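Q: My questions concern the predicted model and sequence given below.
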Amino acid sequence: MLKRRVGVVRRILTEGCTRQAQEIIVEIDGKEERALNYPHLTGCVSPGDSVLANTTACALSLGTGGLHFVMANLSNPEGEDAAAPGHIMKLRYTPNQLAVLSVEEQESPNHKNMAGFVSLDGMPVVCCELHSQIAGVAAGVKQAHPSAHVSYIMTDEAALPLALSNLAAALRIKGLIDSTITCGQAFGGEIEAVNLFSALAAAKDVLHADIAIICQGPGNTGTGTPLGFSGIAQGTAANTAGSIGGRPVIIPRISFADKRERHRGISHHTLTVLEMVLLVPSFVPVPRLSDDCARIIRTQLEALECRVQHKFVPDIDGRPGLNELERQGVRVQTMGRSVQEDREFFLSASAGGVLAAELI
């Protein structure tokens, strides 16, 4: 199902027109509603412009995707031709396909570095399931190792434009992450990469990162089935990192605030990744929790039947990372819950950052 409506731009909520994203108010069928415009794809819009909007997500009452997206500026349909280098297409074979200068291609100034890549040489690679986990991880790293270069690699299982992530932008501005890479069909990072392998190579040999964080963008998909969730790519990310010499760190999705039993304690998503997906030994941080919560987590871990032997690291204090997020004014939620409302979730992410810093 694809729902489209014509509307009129009434207000621009973001200042100026960047090449990232414009949040706007658009009037459709007499109602003013929020929409997002990506100048990369459709050019800038101005108040009074007539636009064609994709309204599918709002029709389905979705979460992260619950706003309209501008498909075309009908008042300026051809936009501006912006000459830019690069011949690698992203969003391939869709009406919005765009060319980028990927880090690997011969025109790239970093082609030689990429051609000479050999190994990650033990670089810690933190693999997350949910986008909100990157905040705790990054803050945990910086609290434990302030000078570490942290590179965030956004994969293409969820949102494709990095510009959608206000969280990634905030972490970059605050210096909690030091560089961004978008790989596969995802786009908008400081470095564009063809796939996750080369994204990791770029983090190591181009950006000289000390730690890479791999995670999908906003908009996780789940179905309540063992394998039908986009965050399962957490496991394939770890397999990728391990196969080229990285040291994978798996962030467990832990919650005692989620009302769904399958996500209580360690989520069934994490258990699936640990038991069915991971093919390389990985580090698994376990945060310091209350006695009752720790007991539940311990029981779940003892019942695991993993294909390979992982290193579970218990009782890691994730509080400094959460304190750093608060000090920096970084607001983050998971499934609509704040750090205070789902503290164990964010403690787990921060603990993973602390562990990764110790592995440098």
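A: Good, I have the coordinates.
Q: Where does pLDDT dip in the protein?
A: 15-19, 62-65, 81-83 (pLDDT under 70).
Q: burial count for the spatially closest residue to T221 that is not a sequence neighbour?
A: Leaving aside its sequence neighbours, T221 sits nearest to S230 (Cβ to Cβ, 6 or more residues apart in numbering; 4.3 Å). Where you see a C-beta, it was placed from the backbone N, CA and C, and this is true even at glycine. Counted with other Cβ atoms under 10 Å, residues neighbouring S230 total 20.
Q: can you check the one 3 residues further on too?
A: Residues within reach of A233, counting by other Cβ under 10 Å, total 23.
Q: just E105 next, same as before
A: 17.
Q: same question, the one 3 residues further on
A: S108 is flanked by 20 other residues according to other Cβ under 10 Å.
Q: That one belongs to a strand, doesn't it?
A: No - S108: not assigned to a strand; according to DSSP: H, G, I helix; E, B strand; the rest coil it is coil.
Q: quick one, what contacts the closest residue to it other than its chain neighbours?
A: Using Cβ to Cβ, 6+ apart and skipping the chain neighbours, the partner closest in space to S108 is L101 (6.0 Å). Residues near L101 by Cβ atoms under 8 Å, 6 or more residues apart in numbering: A84, P85, G86, H87, I88, E107, S108, E192.
Q: hmm, back to that, hang on, isn't the residue nearest to T221 packed against T155?
A: No - using Cβ atoms under 8 Å, S230 makes no contact with T155, being 9.3 Å away.
Q: residues shared between the contacts of these two?
A: Q216.
Q: and the residue nearest to T221, backbone torsions?
A: Per-residue torsions, S230: phi -70, psi -30 (degrees, to the nearest 10).
Q: From P39, how far off is it?
A: 26 Å (Cβ to Cβ, to the nearest Å).
Q: Next: G228.
A: Taken as Cβ to Cβ, the span from G228 to P39 is 34 Å.
Q: Look at those two and report which has more neighbours.
A: Neighbours were counted for G228 and for P39 using other Cβ under 10 Å; P39 has more, 20 against 10.
Q: Spell out the secondary structure type for the residue lying closest to P226 once chain neighbours are set aside.
A: Spatial nearest neighbour of P226, excluding adjacent residues (Cβ to Cβ, 6+ apart): T272 at 5.4 Å. Per three-state DSSP, the local secondary structure of T272 is helix.
Q: I'd say E107 and A99 touch.
A: No - using Cβ under 8 Å, E107 is not in contact with A99; the gap is 11.1 Å.
Q: who touches both of the two?
A: G86, H87.
Q: helices and strands around the strand ranked longest in the chain, which ones?
A: Looking across the chain with DSSP state E, the single longest strand is strand 4-12. If you count contacts as 3 or more Cβ pairs under 8 Å, 6 or more residues apart in numbering; DSSP states H and E, strand 4-12 packs onto strand 22-28, strand 50-54, strand 68-73.
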